[in-house]
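Asks: Dropping the sequence and predicted coords here.
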Amino acid sequence: MIVFVDESGDAGMKLGSGSSSHFLVALVIFDAPEEAERCDQCIKELRATLQFHAQHEFHFSKLDHQKKLSFLRAVSPFNFKIVAFALNKAKVKENTFQYPEPLYKCVLRMAFENAQSYISNAKVVIDGCSSREFKKQLKSYLASRMRKSDGSNEIKKIAIEQSHTNNLLQLADMIAGALSRQFKSQRESESEYRTLIASKVVSFKIWPK
């Protein structure tokens, strides 16, 4: 099993001054590595179809509407699950998160806690460009939070990679962006995106309500 993780929004708490209203983490879960490889190949082929260069990175926020639909349609036949968790910042108690890193770790933990029944002996790949020290802390934090009472852990390995080198992290970015569309002021395209991935979403929680 392999899990790809990315986020949408930001971990800032300056609502009304540039920070996003919600911070969402999306997990894309492939039970079979072979299926992940097939999906990876499909994304490579989609670049050529859309006449992008071979190193083009798919980012939800940087694609027009039709290319977003093309991407989601291309990956929809593949067998993967989606678990997402979104923090509703406006309803979090003031000063709960004074710095971005604790907020990010908390939302990541809650996403994985909601995914526990879908994860077993998993390799986890997280998009990240933070400092080496924070990457080390994040791996330790997540591993400890997913440890069961008997000492075992549903996560066997955690890797932090750059999304521009990993097609399936780009898939996670696209999924996170599509799910976060509902939090935007202009939501006219939300239903189209959600329809293409709705059958794959096994858990999507927003907290606090």
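Replies: Happy to help now that I have it.
Asks: Give me the pLDDT value at the residue sitting furthest away from the middle of the chain.
Replies: Residue distances from the centre of the chain (Cα atoms, centre = their mean) peak at residue 150, which lies 28.6 Å from the mean C-alpha position. In the predicted model, residue 150 carries a pLDDT score of 78.
Asks: Equivalent analysis for residue 59, please.
Replies: pLDDT recorded at residue 59 is 97.
Asks: Just to check, it is in contact with residue 170?
Replies: Yes. Using Cβ atoms under 8 Å, residue 59 and residue 170 qualify as a contacting pair, with a distance of 7.4 Å. To be clear about C-beta, it is placed using only N, CA and C from the backbone, and glycine gets the same treatment.
Asks: The two: which is more packed in?
Replies: Residue environment comparison for residue 59 versus residue 170 gives the larger neighbour count to residue 170, 23 against 13, counting by other Cβ atoms under 10 Å.
Asks: Show me what the helix or strand where that one lies is packed against.
Replies: Assigned by DSSP states H and E, residue 170 belongs to helix 167-180. Under the contact criterion of 3 or more Cβ pairs under 8 Å, 6 or more residues apart in numbering; DSSP states H and E, helix 167-180 touches strand 2-8, strand 22-30, helix 33-49, helix 65-75, strand 81-88, strand 122-127, helix 190-197.
Asks: lowest confidence element among the helices and strands of this structure?
Replies: Taking all helices and strands of the chain together, the one with the lowest average confidence (mean pLDDT, DSSP states H and E) is helix 132-145, at a mean of 80.
Asks: Could you report the neighbour count for the residue nearest to residue 74 when sequence neighbours are not counted?
Replies: With Cβ to Cβ, 6 or more residues apart in numbering as the measure, residue 46 is the residue that lies nearest to residue 74, at 4.9 Å, once sequence neighbours are left out. Other residues within reach of residue 46 by the criterion other Cβ under 10 Å amount to 19.
Asks: what's residue 46 in contact with, if anything?
Replies: Contacts for residue 46 were tallied using Cβ atoms under 8 Å, 6 or more residues apart in numbering; they are 70-71, 74.
Asks: Identify, from those residues, the entry nearest to residue 197.
Replies: Using Cβ to Cβ, residue 71 is the member of the contacts of residue 46 that lies nearest residue 197, at 10.7 Å.
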